[in-house]
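**Student:** just coords:
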């Protein structure tokens with residue numbers, strides 16, 4: 001789910017009206033593209049950890065990174081005040097990361 005959401009965010013932000021084709025000005029376009037490329041980096045975490053998905057250290061690391069990212073970006077969007085959907089989506093993903101972190105012993109073998 002994380003991979004899908006972040007990939008869609010990246011495509012929308014980089015290729016959308018506020019990305020490569022920014023009509024609202026350079027600053028807005030650069031923000032959208034920077035966040036879009038950050039979304040690609042976050043989405044790639046799934047691929048980096050996949051070969052080590054049963055290792056406690058790898059799972060704890062990637063879930064910690066995802067938890068930190070989603071919670072803090074949710075707070076950032078909440079402060080901004082006009083991105084309610086982004087606040088909810090990232091808050092849900094943060095809660096999901098907390099849940100997965102608490103359940104990691106069920107699928108980690110070492």
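**Tutor:** Right, received. Where do you want to start? Since the model is a prediction, treat every value here as computed from it, not as a measurement. Numbering: from 1, shown residues only.
**Student:** which residue ranges form the helices in this structure?
**Tutor:** Remark: helices assigned in the chain by DSSP state H are 2-15, 26-49, 56-80, 84-102.
**Student:** packing partners of the last one?
**Tutor:** For helix 84-102, the contact count by 3 or more Cβ pairs under 8 Å, 6 or more residues apart in numbering; DSSP states H and E identifies helix 2-15, helix 56-80 as packing neighbours. In short, each C-beta sits where N, CA and C put it, glycine included.
**Student:** report the distance from it to the chain centre.
**Tutor:** Its chain's C-alpha centre and that of helix 84-102 lie 10 Å apart, by Cα atoms, centre = their mean, to the nearest Å.
**Student:** rewinding a little: need the helices and strands packed on helix 84-102 in a markdown table with mean pLDDT and distance to residue 49, can you?
**Tutor:** A markdown table is the format used below for the helices and strands packed on helix 84-102 (pLDDT from 0 to 100; distance: least, Cβ to Cβ, whole Å):
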| stretch | mean pLDDT | distance to residue 49 |
| --- | --- | --- |
| helix 2-15 | 68 | 11 |
| helix 56-80 | 87 | 4 |
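**Student:** can you list those helices in a markdown table and add distance to residue 92?
**Tutor:** Output for those, formatted as a markdown table (distance: least, Cβ to Cβ, whole Å):
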| stretch | distance to residue 92 |
| --- | --- |
| helix 2-15 | 10 |
| helix 56-80 | 8 |
